[in-house]
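> no sequence for this one, just the structure:
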């Protein structure tokens with residue numbers, strides 16, 4: 001199985017410091033949906049791993065989150081692709097859970113669900129916490145400059161293990177790299 005792990009906010013859809021709280025506020029980044037479909041058509045199982053602390057903070061509820069994910073899933077289907085699964089952490093930063101990135105619990109869950117190792121699997125994120133979670137599991141971290149990516153880029157040089165992380169303008173560019181390198 002060829003697996004790709006994607007963060008959601010800032011990678012697939014526009015991020016917001018005020019949180020993305022509804023399907024109406026969930027707006028895909030140009031080219032991201034087509035990039036997921038392209039990965040799928042190239043034989044990859046595309047999985048999303050996302051922190052959603054807005055649930056714990058009471059900013060939206062599970063129905064809102066499911067509506068956002070239904071919108072994402074349908075857009076990908078309409079583009080000729082398919083998502084393997086969406087994994088999310090519903091906890092806040094002070095909940096001390098194992099699934100909130102930069103911890104690797106979401107990736108552990110992906111490994112268990114698909115009975116695969118995430119070692120050497122490309123993981124695309126826009127924040128240090130995304131890449132750090134992947135690093136713990138031996139993933140190949142890739143940074144996109146959308147979302148928080150521009151602010152994250154200079155931090156890579158000072159983060160052990162992430163100094164040589166490839167970076168891309170957006171998910172479309174990262175997808176082309178993944179297809180070329182991992183197919």
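Nice, thanks for sending it over. Remember, it's a predicted structure, so these values are computed and weren't measured experimentally.

> excluding its backbone neighbours, what's nearest residue 111?
Distances taken as Cβ to Cβ, 6 or more residues apart in numbering place residue 118 nearest to residue 111, at 5.4 Å, with adjacent residues excluded. Backbone N, C-alpha and C define where each C-beta goes, glycine included.

> and the pLDDT for the one you found?
Looking at residue 118, its pLDDT stands at 98.

> same question, residue 85
Here, the pLDDT recorded for residue 85 equals 98.

> unless I'm mixing things up, it is touching residue 50, no?
No - with contact defined as Cβ atoms under 8 Å, residue 85 does not reach residue 50; the gap is 11.4 Å.

> give me the more crowded residue out of the two.
residue 50 (23 against 13; other Cβ atoms under 10 Å).

> residues in contact with the more buried one?
7, 8, 9, 86, 87, 88, 89, 106 (Cβ atoms under 8 Å, 6 or more residues apart in numbering).

> just checking, the residue nearest to residue 111 touches residue 110?
Yes - checked against Cβ under 8 Å, the pair residue 118 and residue 110 is within contact range at 6.5 Å.

> next, show the common contact partners of these two.
With Cβ under 8 Å, 6+ apart, residue 118 and residue 110 have common neighbours 3, 5.

> hmm, residue 51 and residue 88 touching each other?
Yes - between residue 88 and residue 51 a contact is recorded at 7.4 Å, counting by Cβ under 8 Å.

> more neighbours: the two, which one.
Between residue 88 and residue 51, residue 51 has the larger neighbour count (other Cβ under 10 Å), namely 26 against 20.
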